[in-house]
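K.L.:
no sequence for this one, just the structure:
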């Protein structure tokens with residue numbers, strides 16, 4: 001193949017695009033480095049500039065003849081040629097750079113024109129790409145040559161073009177062509193792919209680095225060097241050194257720049273400048289050094305054999321496209337289940353997903369692991385990836401005296417060397433050291449691995465946290481209230497066992513280890529998983545009143561609604577919303593957090609539980625009503641007591657009662673009562689409105705028995721129920737009691753019959769009626785003027801029982817609409 005005048009690599013790493021002296025493009029397969037495509041059309045003179053779109057589908061080329069052409073990656077001419085030099089003499093209007101915008105619908109190009117006496121003038125053209133045509137939008141001219149251009153985004157998110165001039169950097173508005181801003185950055189060459197830093201270079205100043213937002217100089221410079229390109233992962237710089245044996249050199253940017261400039265956010269953004277592993281340009285006038293006249297393949301080989309290959313070598317050099325595609329899919333699926341930000345315990349730095357992928361790709365064993373795809377299926381590769389990315393979670397109580405190290409405190413710093421000495425910083429440091437001692441590389445702490453100033457990031461963390469703990473290899477729980485030496489019972493009585501968030505941190509992980517305040521293993525127990533310790537597991541089971549097997553294999557569906565609410569009822573949180581948010585994972589909730597909503601958070605969670613499960617035992621409580629809906633409690637602590645719905649009864653007593661009913665209720669009446677109850681729909685709860693199916697009993701008379709400081713005591717007479725005692729803080733309407741209903745909402749309990757009482761329709765109906773005759777806890781509802789009901793909160797259970805002899809006329813069912821008129825929801 002003819003020597004390349006300019007070359008670049010597609011963003012997906014699949015193609016090497018070369019612009020040649022005959023004006024054609026030649027596209028090589030990056031894996032085999034063999035010629036795959038040669039264009040039929042061509043520029044009139046040699047190609048002087050190249051760029052590939054961010055989606056790797058399109059190529060732009062510029063030529064010494066002043067023209068620009070847009071091609072498909074398969075070599076088909078899509079738009080152009082468009083003449084930028086407007087007919088200037090030969091060698092005076094050559095295109096020195098072309099750059100796609102991020103969306104690929106705009107193209108920027110620059111030319112340099114030689115005017116006597118030996119003075120260059122540069123121009124930047126901004127073109128629209130539409131319907132296979134190039135249309136000039138604006139042109140900006142300079143009394144200086146333009147060395148390089150790049151698309152960028154300013155601090156306000158607006159697109160801009162950076163144009164490198166001889167002595168400065170021009171910032172151009174691509175919509176209007178305005179260029180009022182000049183920065184003292186001579187010899188601008190590249191903008192990093194994540195948009196964080198600029199690279200400039202001259203033989204006099206060497207390579208220098210600049211903050212892309214402030215344009216202030218950062219890092220250390222590289223003397224006697226010129227930059228060619230920044231690697232796609234932003235970790236390496238390819239350039240030319242006067243002292244290098246073969247001119248080409250590679251530098252590790254992690255040794256030159258702070259890590260925060262190399263990685264941004266939780267992803268590496270698409271490249272906005274020509275990021276090529278080996279972008280070699282042979283124009284000595286443009287770059288200011290001797291031309292590299294070697295074949296492009298030879299240059300590429302030298303890059304692969306660089307003294308620092310582990311930083312630069314990319315998987316596409318030793319894996320097929322199919323292997324790379326399958327590997328990327330597997331890695332992506334594994335990391336989707338993991339926190340986006342972890343701590344690398346080898347360095348103490350925060351580490352984002354893309355950087356963790358890079359550490360895998362440069363691992364000595366990755367090449368062999370990648371080659372296993374196809375030979376032995378994907379299982380070995382998946383297991384290897386899962387093992388490499390295993391992480392350890394931290395469970396602890398936040399300090400109330402000292403501030404915990406935040407995401408911003410730790411960003412760009414090592415937790416080992418760069419944080420001030422404080423109890424909380426020491427805690428984080430010791431956690432990372434302990435994780436490293438367990439043989440794991442990656443660690444997560446809720447203090448610094450969540451950017452809590454970003455509501456989107458915080459909300460995603462809250463709803464994902466249960467899954468993160470469940471997917472972790474290990475969770476380390478620090479019991480700071482336990483002094484050394486620890487003794488049995490300390491864990492049960494620890495402060496850690498009283499906090500809201502630590503409930504899911506106890507239930508979710510597959511493996512957990514407990515440490516005392518001095519980071520010594522609890523009870524000196526050496527089990528890798530303290531759930532496997534008979535002593536500790538027994539203490540845990542006793543502390544939460546859940547059997548050991550359930551605790552060891554917990555899943556959100558393994559316990560009932562009321563049992564999970566009981567576990568949460570003794571827990572406390574600094575922010576009242578966290579009482580509910582800490583339960584999102586345990587209840588597999590789809591809700592989103594909204595800090596500032598207060599106790600409404602608990603109301604939203606309980607509403608969703610009833611709506612999804614139909615389990616109305618959530619309504620079995622005494623105390624104060626929630627402002628969210630009067631059927632719900634204001635405080636989760638009411639669930640400490642087991643639900644009192646229908647009194648239990650053994651099968652023999654039910655069978656005896658069925659026999660009695662056979663002589664009282666004929667088949668037709670019994671089946672009618674049964675059908676009336678079983679036809680009721682499931683309870684629905686949405687938008688603060690509860691549609692409650694129930695058996696209802698109207699209150700006929702109401703008498704105030706006592707009006708004391710502890711509440712009001714009423715005696716109500718309700719149809720067939722007789723006198724019922726009601727204790728409440730509310731004032732009830734003595735003169736108009738007919739707006740009150742006592743209701744039996746525990747329909748599921750009525751339908752729960754032993755198999756011996758379900759032999760036929762008549763026996764099944766009598767069995768349900770027998771259960772209906774048991775004592776039950778009624779809810780008191782009051783009709784309001786908006787054709788709905790609100791619940792009257794009772795201080796004690798309202799226990800009622802039907803008489804032994806009933807008729808079809810005594811049973812009335814209805815679906816009541818329960819909501820509170822003060823909310824204004826209709």
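P.N.:
Cool, the structure landed. Given the structure is predicted, the values throughout are model-derived calculations rather than measurements.
K.L.:
mind checking how far the most centrally placed residue in the chain is from residue 583?
P.N.:
The centre of the chain sits closest to residue 460, judged by C-alpha atoms, centre = their mean, with a distance of 4.6 Å. Distance, residue 460 to residue 583, by C-beta to C-beta, to the nearest Å: 17 Å. For every residue, glycine as well, the C-beta is placed using N, CA and C.
K.L.:
cool, residue 96 as well?
P.N.:
61 Å.
K.L.:
More neighbours: these two, which one.
P.N.:
residue 583 (27 against 23; other C-beta atoms under 10 Å).
K.L.:
can I assume the more buried one is in contact with residue 566?
P.N.:
No. Applying C-beta atoms under 8 Å as the test, residue 583 and residue 566 come out as separate, 11.9 Å apart.
K.L.:
Report the set of residues contacting both of the two.
P.N.:
When C-beta atoms under 8 Å, 6 or more residues apart in numbering defines a contact, no residue borders residue 583 and residue 566 alike.
K.L.:
ok, the nearest residue to residue 791 once chain neighbours are set aside to residue 181 distance?
P.N.:
Nearest non-adjacent residue to residue 791, counting by C-beta to C-beta, 6 or more residues apart in numbering: residue 630, 4.1 Å away. Residue 630 sits at a distance of 61 Å from residue 181 (criterion: C-beta to C-beta).
K.L.:
who has more neighbours, these two?
P.N.:
residue 630 (24 against 14).
K.L.:
Confirm for me that the more buried one is in contact with residue 820.
P.N.:
Yes. Counting by C-beta under 8 Å, residue 820 is a contact partner of residue 630 at 5.3 Å.
K.L.:
Mutual contacts of those two, please.
P.N.:
residue 790.
K.L.:
The nearest residue to residue 628 once chain neighbours are set aside - how many residues pack around it?
P.N.:
Once flanking residues are discounted, residue 628 sits nearest to residue 603: 2.5 Å by C-beta to C-beta, 6+ apart. Residue 603 sits with 21 neighbouring residues when counted by other C-beta under 10 Å.
K.L.:
Wait, a helix at residue 603?
P.N.:
Yes. Counting by DSSP: H, G, I helix; E, B strand; the rest coil, residue 603 falls inside a helix.
K.L.:
which residues sit in contact with it?
P.N.:
Contacts of residue 603 (C-beta under 8 Å, 6+ apart): 626, 627, 628, 629, 632, 688.
K.L.:
what does residue 459 give?
P.N.:
Residue 459 touches 592, 593, counting by C-beta under 8 Å, 6+ apart.
K.L.:
What's the separation between it and residue 472?
P.N.:
Distance from residue 459 to residue 472, by C-beta to C-beta: 21 Å.
K.L.:
next one: residue 798
P.N.:
Counting by C-beta to C-beta, the gap from residue 798 to residue 472 is 46 Å.
K.L.:
From the neighbour counts alone, determine which of the two ranks first.
P.N.:
Taking other C-beta under 10 Å, residue 798 and residue 472 do not tie; residue 472 has more neighbours (27 against 20).
K.L.:
What pLDDT does the model give that one?
P.N.:
We have a pLDDT of 97 for residue 472.
K.L.:
Using the three-state scheme, assign the nearest residue to it once chain neighbours are set aside.
P.N.:
Nearest residue to residue 472, sequence neighbours excluded (C-beta to C-beta, 6+ apart): residue 393, at 4.4 Å. The three-state label given to residue 393 by three-state DSSP is strand.
K.L.:
By mean pLDDT, which helix or strand of this protein comes out lowest?
P.N.:
Every helix and strand in the chain was compared by mean pLDDT, DSSP states H and E; the lowest is helix 284-287, with a mean of 29.
K.L.:
Local confidence estimate at residue 605?
P.N.:
98.
K.L.:
what number of residues lie near residue 549?
P.N.:
Counted with other C-beta under 10 Å, residue 549 comes out at 11.
K.L.:
Tell me which other helices or strands the host helix or strand of it touches.
P.N.:
Element membership for residue 549 (DSSP states H and E) is helix 548-552. Contact analysis of helix 548-552 by 3 or more C-beta pairs under 8 Å, 6 or more residues apart in numbering; DSSP states H and E lists helix 534-544 as its packing neighbours.
K.L.:
Show me what the helix it packs on packs onto, helices and strands only.
P.N.:
Going by 3+ C-beta pairs under 8 Å, 6+ apart, helix 534-544 lies up against helix 548-552.
K.L.:
tilt between the next helix or strand after the helix it packs on and helix 534-544?
P.N.:
For helix 548-552, the following helix or strand on the C-terminal side (DSSP H and E) is helix 561-568. Between helix 561-568 and helix 534-544, the angle comes out at 100 degrees (axes from the mean of the first three to the mean of the last three C-alpha atoms, to 10 degrees).
K.L.:
Residue 609: which of the contacts of residue 603 is nearest?
P.N.:
For these, the residue nearest residue 609 by C-beta to C-beta is residue 632; the value is 10.0 Å.
K.L.:
and the gap between that closest one and residue 743?
P.N.:
Separation of residue 632 from residue 743 (C-beta to C-beta): 16 Å.
K.L.:
for residue 416, same thing?
P.N.:
Separation of residue 416 from residue 743 (C-beta to C-beta) stands at 62 Å.
K.L.:
got it, and residue 476?
P.N.:
From residue 476 to residue 743 the distance is 49 Å (C-beta to C-beta).
K.L.:
Residue 637 too?
P.N.:
24 Å.
K.L.:
residue boundaries of the strands in the stretch 501-650 of the chain?
P.N.:
For the stretch 501-650 of the chain, applying DSSP state E, counting those that start in this stretch gives strands covering 512-515.
K.L.:
that older thread, residue 632 and residue 743: who's more crowded?
P.N.:
Each of residue 632 and residue 743 has its neighbours counted (other C-beta under 10 Å); residue 632 has more, 26 against 23.
K.L.:
Can you tell me, leaving aside adjacent residues, what's nearest to that one?
P.N.:
residue 626 (4.3 Å).
K.L.:
Quick check: the one you found touching residue 602?
P.N.:
Yes. Applying C-beta under 8 Å, one finds residue 626 in contact with residue 602, separated by 7.0 Å.
K.L.:
what comes into contact with stretch 511-527?
P.N.:
Taking C-beta under 8 Å, 6+ apart as the rule, stretch 511-527 contacts 395, 430, 434, 473-488, 490-491, 505-506, 528-531, 533, 535-536.
K.L.:
In that stretch, which residues are buried?
P.N.:
For stretch 511-527, burial by neighbour count (16 or more other C-beta atoms under 10 Å) applies to 511, 512, 513, 514, 515, 516, 519, 521, 522, 523, 527.
K.L.:
Of all pairs in these, which one spans the longest distance?
P.N.:
Using C-beta to C-beta, the buried residues of stretch 511-527 span at most 18.5 Å, a distance reached by 511 and 516.
K.L.:
pretty sure residue 793 contacts residue 726?
P.N.:
No. Judged on C-beta under 8 Å, residue 793 makes no contact with residue 726 at a distance of 10.7 Å.
K.L.:
who has more neighbours, these two?
P.N.:
Taking other C-beta under 10 Å, residue 793 and residue 726 do not tie; residue 726 has more neighbours (24 against 20).
K.L.:
residues in contact with that one?
P.N.:
713, 714, 715, 716, 732, 780, 792, 794, 798.
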